[in-house]
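Peer 1: predicted model and sequence below, questions to follow.
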Amino acid sequence: MQIKTKTKVRLTYRQLEERPVDPSQFNDSMALETEWTPLGPSASNYATHKLKRVSPDRLEYRPATSTIVLFLIFPVAGILLLLYTFLKEMSSLGLILGLAFAIGGLLLLYYQTAPYVIDKKEGLYYKGRNAKDKQPDIENPKNIIPLDSIYAIQVLEKIVYTNNSYYAYDINFVLKNKKRLLLMSHTKKDRIKADAREIGDFLGVPVWDPLV
(Lines give C-alpha, C1' and ligand atoms only; values in the text may rest on other atoms or scores of the structure.)
Protein backbone atom coordinates (compact mmCIF):
# COMPACT_ATOMS: atom_id res chain seq x y z
CA MET A 1 0.00 0.00 0.00
CA GLN A 2 1.35 3.40 -0.98
CA ILE A 3 1.17 6.10 1.64
CA LYS A 4 0.95 9.66 0.43
CA THR A 5 2.73 12.26 2.48
CA LYS A 6 2.59 16.01 2.36
CA THR A 7 5.67 18.11 2.94
CA LYS A 8 5.23 21.60 4.30
CA VAL A 9 7.68 24.12 2.88
CA ARG A 10 8.42 27.13 4.99
CA LEU A 11 8.84 30.25 2.89
CA THR A 12 11.43 32.58 4.38
CA TYR A 13 11.68 34.96 1.41
CA ARG A 14 10.38 38.34 2.47
CA GLN A 15 8.94 40.69 -0.13
CA LEU A 16 10.07 44.26 0.42
CA GLU A 17 8.94 47.30 -1.49
CA GLU A 18 11.41 49.33 -3.53
CA ARG A 19 10.85 53.01 -2.89
CA PRO A 20 11.91 55.20 -5.84
CA VAL A 21 13.66 58.53 -5.29
CA ASP A 22 12.54 61.84 -6.77
CA PRO A 23 15.84 63.74 -7.25
CA SER A 24 14.03 66.99 -8.05
CA GLN A 25 13.51 67.45 -4.29
CA PHE A 26 17.16 68.53 -3.97
CA ASN A 27 16.77 71.53 -6.31
CA ASP A 28 20.04 70.67 -8.03
CA SER A 29 20.35 69.95 -11.74
CA MET A 30 23.27 67.63 -10.99
CA ALA A 31 20.98 65.41 -8.89
CA LEU A 32 18.72 64.99 -11.92
CA GLU A 33 21.67 63.83 -14.02
CA THR A 34 22.99 61.39 -11.38
CA GLU A 35 22.09 57.71 -11.22
CA TRP A 36 19.92 56.72 -8.25
CA THR A 37 20.44 52.97 -8.37
CA PRO A 38 22.69 51.10 -5.89
CA LEU A 39 26.31 50.58 -6.92
CA GLY A 40 26.32 47.08 -5.44
CA PRO A 41 23.72 44.46 -4.45
CA SER A 42 25.24 43.44 -1.10
CA ALA A 43 25.64 45.08 2.29
CA SER A 44 26.63 44.12 5.80
CA ASN A 45 23.82 43.49 8.26
CA TYR A 46 25.69 45.50 10.91
CA ALA A 47 27.79 48.67 11.00
CA THR A 48 31.24 47.31 10.14
CA HIS A 49 33.03 50.67 10.58
CA LYS A 50 32.74 53.72 12.79
CA LEU A 51 33.37 57.26 11.55
CA LYS A 52 35.92 59.11 13.66
CA ARG A 53 37.26 62.70 13.53
CA VAL A 54 40.99 62.10 13.87
CA SER A 55 41.96 65.76 13.48
CA PRO A 56 40.36 68.97 12.17
CA ASP A 57 41.51 67.95 8.68
CA ARG A 58 40.95 64.21 8.76
CA LEU A 59 38.04 61.77 9.05
CA GLU A 60 38.51 58.02 9.16
CA TYR A 61 36.19 55.06 8.96
CA ARG A 62 37.80 52.61 11.36
CA PRO A 63 36.67 49.00 11.83
CA ALA A 64 34.19 48.43 14.63
CA THR A 65 35.14 46.13 17.49
CA SER A 66 32.73 43.50 16.16
CA THR A 67 34.53 43.56 12.79
CA ILE A 68 37.92 43.04 14.41
CA VAL A 69 36.58 40.19 16.54
CA LEU A 70 35.03 38.55 13.48
CA PHE A 71 38.27 38.52 11.51
CA LEU A 72 40.30 37.47 14.55
CA ILE A 73 38.49 34.13 14.56
CA PHE A 74 40.55 32.71 11.70
CA PRO A 75 44.08 33.45 12.96
CA VAL A 76 43.16 32.46 16.52
CA ALA A 77 41.73 29.16 15.23
CA GLY A 78 44.95 28.59 13.30
CA ILE A 79 47.15 29.29 16.32
CA LEU A 80 45.06 26.99 18.53
CA LEU A 81 45.28 24.23 15.93
CA LEU A 82 49.05 24.64 15.76
CA LEU A 83 49.33 24.46 19.55
CA TYR A 84 47.21 21.33 19.61
CA THR A 85 49.32 19.78 16.86
CA PHE A 86 52.60 20.48 18.63
CA LEU A 87 51.45 19.57 22.14
CA LYS A 88 48.99 16.73 21.59
CA GLU A 89 49.00 15.07 18.19
CA MET A 90 51.70 15.88 15.64
CA SER A 91 50.48 15.54 12.06
CA SER A 92 51.28 17.11 8.71
CA LEU A 93 47.59 17.87 8.12
CA GLY A 94 47.36 19.75 11.42
CA LEU A 95 50.45 21.79 10.58
CA ILE A 96 49.21 22.67 7.11
CA LEU A 97 45.72 23.64 8.29
CA GLY A 98 47.05 25.54 11.28
CA LEU A 99 49.50 27.55 9.18
CA ALA A 100 46.88 28.21 6.50
CA PHE A 101 44.35 29.52 9.03
CA ALA A 102 46.94 31.55 10.96
CA ILE A 103 48.68 33.17 7.98
CA GLY A 104 45.56 33.55 5.84
CA GLY A 105 43.61 34.89 8.81
CA LEU A 106 46.25 37.48 9.66
CA LEU A 107 46.36 38.67 6.04
CA LEU A 108 42.57 38.86 5.96
CA LEU A 109 42.56 40.81 9.24
CA TYR A 110 45.18 43.21 7.87
CA TYR A 111 43.25 44.03 4.71
CA GLN A 112 39.72 43.97 6.10
CA THR A 113 40.56 46.35 8.96
CA ALA A 114 42.28 48.95 6.77
CA PRO A 115 40.87 52.46 7.36
CA TYR A 116 38.91 54.60 4.91
CA VAL A 117 40.52 58.04 5.07
CA ILE A 118 39.19 61.48 4.10
CA ASP A 119 42.17 63.82 4.44
CA LYS A 120 42.02 67.53 3.59
CA LYS A 121 45.77 68.07 3.93
CA GLU A 122 46.50 65.40 1.36
CA GLY A 123 43.39 66.37 -0.59
CA LEU A 124 42.43 62.71 -0.96
CA TYR A 125 39.95 60.03 -0.05
CA TYR A 126 41.59 56.62 -0.02
CA LYS A 127 40.68 53.14 1.17
CA GLY A 128 43.55 50.99 2.40
CA ARG A 129 46.89 51.56 4.04
CA ASN A 130 48.86 52.06 0.83
CA ALA A 131 46.15 53.39 -1.49
CA LYS A 132 47.29 57.02 -1.17
CA ASP A 133 50.49 56.14 -3.03
CA LYS A 134 48.49 55.21 -6.12
CA GLN A 135 47.37 57.53 -8.88
CA PRO A 136 43.71 58.61 -8.70
CA ASP A 137 41.53 57.82 -11.71
CA ILE A 138 38.26 59.74 -11.48
CA GLU A 139 36.99 58.12 -14.68
CA ASN A 140 37.20 54.76 -12.95
CA PRO A 141 37.02 55.62 -9.23
CA LYS A 142 37.96 52.80 -6.90
CA ASN A 143 40.09 53.16 -3.78
CA ILE A 144 41.39 56.72 -4.21
CA ILE A 145 39.94 60.02 -5.45
CA PRO A 146 40.85 63.71 -5.06
CA LEU A 147 38.56 65.52 -2.63
CA ASP A 148 38.09 68.39 -5.08
CA SER A 149 36.45 65.95 -7.50
CA ILE A 150 33.54 65.33 -5.06
CA TYR A 151 30.34 67.21 -5.83
CA ALA A 152 27.89 65.73 -3.30
CA ILE A 153 27.18 62.94 -0.84
CA GLN A 154 24.40 60.59 -1.91
CA VAL A 155 22.37 58.43 0.48
CA LEU A 156 20.47 55.47 -0.95
CA GLU A 157 18.17 52.76 0.29
CA LYS A 158 18.37 49.32 -1.31
CA ILE A 159 17.08 45.80 -0.79
CA VAL A 160 19.55 43.00 -0.20
CA TYR A 161 17.89 39.90 -1.61
CA THR A 162 18.42 36.75 0.45
CA ASN A 163 16.12 34.09 1.91
CA ASN A 164 15.21 36.77 4.45
CA SER A 165 15.68 39.98 2.48
CA TYR A 166 16.37 43.25 4.25
CA TYR A 167 16.79 46.97 3.67
CA ALA A 168 20.30 48.41 3.65
CA TYR A 169 21.65 51.91 3.13
CA ASP A 170 24.57 53.31 1.13
CA ILE A 171 26.73 56.41 1.28
CA ASN A 172 28.14 57.32 -2.13
CA PHE A 173 30.48 60.04 -3.29
CA VAL A 174 29.05 61.77 -6.36
CA LEU A 175 31.88 63.16 -8.47
CA LYS A 176 31.77 66.26 -10.65
CA ASN A 177 31.98 64.05 -13.73
CA LYS A 178 28.80 62.22 -12.53
CA LYS A 179 30.69 59.07 -11.60
CA ARG A 180 29.93 57.59 -8.17
CA LEU A 181 31.97 55.75 -5.57
CA LEU A 182 30.49 53.61 -2.79
CA LEU A 183 31.85 54.64 0.60
CA MET A 184 29.81 52.65 3.15
CA SER A 185 26.91 50.18 3.10
CA HIS A 186 25.06 48.52 5.97
CA THR A 187 21.65 48.21 7.63
CA LYS A 188 21.91 50.94 10.27
CA LYS A 189 19.85 53.74 8.75
CA ASP A 190 20.37 56.35 11.47
CA ARG A 191 24.15 55.78 11.44
CA ILE A 192 24.28 56.16 7.65
CA LYS A 193 22.29 59.40 7.77
CA ALA A 194 24.42 60.88 10.58
CA ASP A 195 27.68 59.87 8.88
CA ALA A 196 26.55 61.38 5.57
CA ARG A 197 25.78 64.71 7.27
CA GLU A 198 29.14 64.75 9.04
CA ILE A 199 31.06 63.97 5.85
CA GLY A 200 29.08 66.56 3.88
CA ASP A 201 29.77 69.24 6.52
CA PHE A 202 33.43 68.25 6.64
CA LEU A 203 33.84 68.56 2.87
CA GLY A 204 31.45 71.49 2.43
CA VAL A 205 29.34 69.67 -0.17
CA PRO A 206 25.59 69.00 -0.32
CA VAL A 207 24.08 65.83 1.08
CA TRP A 208 21.35 64.25 -1.01
CA ASP A 209 19.43 62.24 1.56
CA PRO A 210 15.92 61.15 0.50
CA LEU A 211 15.40 58.92 3.54
CA VAL A 212 12.83 59.82 6.18
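Peer 2: It's in. Note that this is a predicted model, so its numbers are computed, not measured. Numbers count the residues shown, from 1 in each chain.

Peer 1: show me where pLDDT drops low in this structure?
Peer 2: 1-14 (pLDDT under 70).

Peer 1: give me that answer again for 90
Peer 2: When residues are selected by pLDDT under 90, those of the chain lie in 1-20, 40-48, 63-115, 128-140, 142-143, 161-164, 212.

Peer 1: tell me where the protein has helices.
Peer 2: Remark: helices of the chain, listed N- to C-terminal, are 29-33, 65-87, 92-112, 189-203; assignment by DSSP state H.

Peer 1: can you say which of the ones you listed is nearest to residue 46?
Peer 2: Closest of the helices of the chain to residue 46 is helix 65-87, at 6.3 Å (criterion: Cβ to Cβ). Quick note: C-beta positions are derived from backbone N, CA and C, even for glycine.

Peer 1: thinking again about what came up before, right, so the helices of the chain: which one is the most enclosed?
Peer 2: Using mean count of other Cβ atoms under 10 Å, the stretch among the helices of the chain with the greatest mean number of neighbours is helix 189-203 (a mean of 17).

Peer 1: about what we covered before: would you format the helices of the chain as JSON lines with distance to residue 121 included?
Peer 2: Written out in JSON lines, the entries for the helices of the chain read as follows (distance: least, Cβ to Cβ, whole Å):
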{"stretch": "helix 29-33", "distance to residue 121": "27"}
{"stretch": "helix 65-87", "distance to residue 121": "27"}
{"stretch": "helix 92-112", "distance to residue 121": "25"}
{"stretch": "helix 189-203", "distance to residue 121": "13"}
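
Peer 1: closest to residue 152 out of those?
Peer 2: Taking Cβ to Cβ as the criterion, helix 29-33 is the member of the helices of the chain that comes nearest to residue 152, at 6.8 Å.

Peer 1: count the neighbours of the closest residue to residue 174 other than its chain neighbours for me.
Peer 2: Ranked by Cβ to Cβ, 6 or more residues apart in numbering and with sequence neighbours excluded, the top spatial neighbour of residue 174 is residue 152, at 4.4 Å. Other residues within reach of residue 152, judged by other Cβ atoms under 10 Å, total 21.

Peer 1: thought residue 152 was touching residue 29?
Peer 2: No: because the distance of 11.7 Å does not satisfy Cβ atoms under 8 Å, residue 152 is recorded as not touching residue 29.

Peer 1: which residue sits closest to residue 183, ignoring its sequence neighbours?
Peer 2: Excluding its sequence neighbours, the residue lying closest to residue 183 (Cβ to Cβ, 6+ apart) is residue 171, at 4.5 Å.

Peer 1: returning to that earlier point: and the residue nearest to residue 174, what does it touch?
Peer 2: Contacts for residue 152 were tallied using Cβ atoms under 8 Å, 6 or more residues apart in numbering; they are 28, 30, 31, 34, 174, 200, 205, 206, 207, 208.

Peer 1: got it, and residue 172?
Peer 2: Shown here is residue 172, whose contacts under the criterion Cβ under 8 Å, 6+ apart are 39, 153, 154, 155, 156, 180, 181, 182, 183.

Peer 1: TSV for these, including distance to residue 51 and neighbour count?
Peer 2: Formatted as TSV, the entries for these read as follows, by distance: Cβ to Cβ, whole Å; neighbours: other Cβ atoms under 10 Å:
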residue	distance to residue 51	neighbour count
39	19	15
153	12	24
154	16	28
155	14	21
156	17	23
180	19	22
181	16	22
182	15	18
183	10	23
